[in-house]
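A.B. asks: I'll drop the sequence and a predicted model, then ask my questions.
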Amino acid sequence: MVQVLPRIGGRRALLGSAALLVVLGLLAWWLWPHEEPPSGTVTLSTGAERGVYQEYGTRLRTAIADDMPRLKIDLEPSNGSQENVSLVAHGQADFAIAAADAVQAYLDDGKPGASRLRGLARLYDDYVQVVVPATSRIQTIADLKGKRVAVGPEGSGVRLISERLLAAAGLDIDKDIDPRDDTIGTSPGALRDGRIDAFIWSGGLPTRGLTDLADDGYEFRFVPISGALVAKLHDQGGVFTHYRASVMPADAYPDILDGSTVPTLTVANLLITRDDMDPRLTEWLTRMVIKSRDAIGQEVHAAQVVDLRTAIYTDPLRLHEGARRYYTSVKP
């Protein structure tokens, strides 16, 4: 038999439900910023054409446009991490993506503006990818001796890590190889056309320049970077502690790896700025990095690993005040 609530009891239930909705609405209003979104124009320095920095920056700008429609973000291409750090430190860019080892090197050298650099978020890891034709006899990093190797342009993070990797294998980048300054935008074509024997790239997985090369039907493979070689780097301490032994997963480039994995090394990427940037702006931007992860990750797979639990670790940089406010607000 169906029981009908007494009129007073039903009224109380309705009032209780309405009160609950009001509380939930106030809670949502309190948890999400309700002030006017930041506006103006800022510059974000990214990286080379067809690289993950550029793709990530483009997608982040699109995501930000939904929540901060009056904020204009100018994306500026660059040679990579080393140049990006310098641009931010000198006030020529407001934000940039840079690898932790390049940031550490800038700090260690005490270059202009180093003390003013701050972190917003740890993003994703770069994987060092040493690429050769499938038929190449090059099997180890030491086998690059005497070869034409694209190691990235001056000012790039690729150049920095290439120099250190080659040195760990007993090779001098200026004496033992024929170094070329191709970027990820030109290296795949140079390899395909036989103008270089190998190229070194450090970027998120997968990198479009390499997926495009595979889609064109060109057969290449990756030279493994042994754990012993990474340990030789890491044991030097200081900036080298940012390098970690890792494995390139088989699904990064399924047509090339064919179910196999490749030993390599990784280094974290950071979103950086200066201490004089508006805290409210940096708080909103930090929030958007986390909020937009899934949307960006659909197109830039490396972004799928951006996580609130690890984003706060921007070593070797201190958090910007605005970023700190965001992480504090969402701390369990």
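C.D. replies: Structure received.
A.B. asks: ok, which stretches of the chain are helices?
C.D. replies: Along the chain, counting by DSSP state H, helices occupy 7-31, 52-67, 81-89, 100-108, 157-168, 187-192, 208-215, 227-234, 254-257, 279-291, 293-297, 308-311, 321-329.
A.B. asks: closest to Phe240 out of those helices?
C.D. replies: For these, proximity to Phe240 was assessed by CB to CB; helix 227-234 is nearest, at 5.0 Å. For every residue, glycine as well, the C-beta is placed using N, CA and C.
A.B. asks: which helices and strands does the closest one pack with?
C.D. replies: Using 3 or more CB pairs under 8 Å, 6 or more residues apart in numbering; DSSP states H and E, the elements in contact with helix 227-234 are helix 157-168, strand 244-248, strand 262-274.
A.B. asks: The longest one pairs with which strands?
C.D. replies: Yep, that's strand 262-274 we're talking about. When pairing is defined by DSSP bridges, strand 262-274 lines up against strand 95-99 (antiparallel), strand 117-133 (antiparallel), strand 244-248 (antiparallel).
A.B. asks: how far off helix 81-89 does that strand point, in degrees?
C.D. replies: Strand 262-274 and helix 81-89 meet at an angle of 10 degrees, taking axes from the mean of the first three to the mean of the last three CA atoms, to 10 degrees as the criterion.
A.B. asks: For strand 262-274, the averaged confidence score.
C.D. replies: Regarding strand 262-274, the rounded mean pLDDT is 96.
A.B. asks: Kindly export it (C-alpha atoms) in CSV.
C.D. replies: The C-alpha atoms that make up strand 262-274 are tabulated as CSV, following Å, rounded to 0.1, in the frame of the first residue of the first chain:
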residue,chain,number,x,y,z
VAL,A,262,63.3,0.8,-26.2
PRO,A,263,65.5,1.7,-23.2
THR,A,264,66.0,5.5,-23.0
LEU,A,265,66.1,8.4,-20.6
THR,A,266,63.6,11.1,-19.7
VAL,A,267,63.5,14.6,-18.2
ALA,A,268,60.6,16.5,-16.9
ASN,A,269,59.1,19.6,-18.6
LEU,A,270,57.9,22.6,-16.7
LEU,A,271,55.6,25.6,-17.4
ILE,A,272,57.7,28.6,-16.2
THR,A,273,57.3,32.3,-15.6
ARG,A,274,58.8,35.1,-13.6
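A.B. asks: Okay, angle between it and helix 279-291 too, please.
C.D. replies: Interaxial angle, strand 262-274 versus helix 279-291 (the same axes, to 10 degrees): 160 degrees.
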